[in-house]
Structures are given as structure tokens and as C-alpha cells.
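Asker: Any chance you can model this:
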Amino acid sequence: MLIIGSGNTYHNMGVMMQSLRGGPRGDTVGGEFDTWLTGAVTCPDPDERNRLLTQWAAAPGGREAHPREEHLIPLHVVAGAAGADIGTRTLQDHVLGAVESAFRFG
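Answerer: Alright, predicted model coming up:
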């Protein structure tokens, strides 16, 4: 079975556009949340991973990265479906001035 969750690990368009233009935030945003999210997704204990992911809004930079959560929810669905499979980061890139990562399970 293949489940694809399409979303963004950083989706604050206002901050992204400001960052892209070299505004007061600098040229890259979202690194703090990306680091936290990578740790949560790659946690080898699925119960702890799920506990962490449910608390994403309290993570460093969580609400800045996602003022609204609909672009992060697909990751939660995939992580839940993964069961005991450990997540791995398969990509890290910069998109519109923000750090973005992709993950896979299984």
C-alpha cells in the first residue's frame, strides 16, 4: 500500500515572501521548526513520535511555520498509518526562502 501525504513543512506565506525579498527576517526561515520536526518524525518509538507530532504547535517555531495546520496534517496521517515504521528525511531544500523537508516511512 502506498499513502502519499502532500503538504509543506513550512507554510507561512507572508513570512516566506518577506524572507524571499531579503526582509528583516533574513534570507531563510523555518530552520528551527524543521529541526524539531525531523527529530519528531525520525523518533524510533512510534508512541513518542505520535505524542510529539500531536504537540507540533508548541514546538519551537511551530505556529510561525503553520499559522493554519492544513498543510501539516497530511504528515500526521502518513505517520499514523506508518505504525511502527521509522520515518526518514529524504529531502531538505529551500523553497521561497523557507527550509522544507520531505519524509518517508517504510
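Asker: Please count neighbours and contacts with C-alpha atoms only from this point.
Answerer: OK.
Asker: Show the subsequent helix or strand relative to the helix or strand of the chain with the lowest mean pLDDT.
Answerer: Least confident helix or strand, the chain: helix 13-20 with a mean of 81, by mean pLDDT, DSSP states H and E. Where DSSP states H and E defines the elements, the next helix or strand beyond helix 13-20 is helix 31-41.
Asker: Please work out the average pLDDT along that next one.
Answerer: Average pLDDT, helix 31-41: 96.
Asker: what's in contact with that helix?
Answerer: Applying Cα atoms under 8 Å, 6 or more residues apart in numbering, the contact partners of helix 31-41 are 9-10, 49, 52-53, 56, 59-62, 65, 79, 86-89, 98-101, 103.
Asker: Which ones among those map onto helices?
Answerer: If you go by DSSP state H, the contacts of helix 31-41 have 49, 52-53, 62, 65, 79 in helices.
Asker: Out of the residues you listed, which comes closest to M16?
Answerer: A65 (9.5 Å; Cα to Cα).
Asker: and the closest residue to that closest one other than its chain neighbours, how many neighbours?
Answerer: Counting by Cα to Cα, 6 or more residues apart in numbering, Y10 is the residue found nearest to A65 once chain neighbours are left out, at 4.7 Å. Y10: 27 surrounding residues under other Cα atoms under 10 Å.
Asker: what does E69 give?
Answerer: The number of residues packed near E69 is 16, by other Cα under 10 Å.
Asker: give me every residue that touches it.
Answerer: With Cα under 8 Å, 6+ apart, E69 has no contacts at all.
Asker: So H71 sits against M13, correct?
Answerer: No - counting by Cα atoms under 8 Å, H71 does not reach M13; the two are 11.6 Å apart.
Asker: Between these two, which is the more surrounded one?
Answerer: H71 (18 against 15).
Asker: circling back: how about the ones in helices among the contacts of helix 31-41 in TSV, adding neighbour count and distance to D34?
Answerer: Below are the ones in helices among the contacts of helix 31-41 laid out as TSV (neighbours: other Cα atoms under 10 Å; distance: Cα to Cα, whole Å):
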residue	neighbour count	distance to D34
R49	21	15
L52	19	13
L53	22	13
G62	21	9
A65	29	9
A79	23	16
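Asker: can you put these in TSV and add distance to T42?
Answerer: Formatted as TSV, the ones in helices among the contacts of helix 31-41 follow (distance: Cα to Cα, whole Å):
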residue	distance to T42
R49	8
L52	11
L53	11
G62	17
A65	19
A79	10
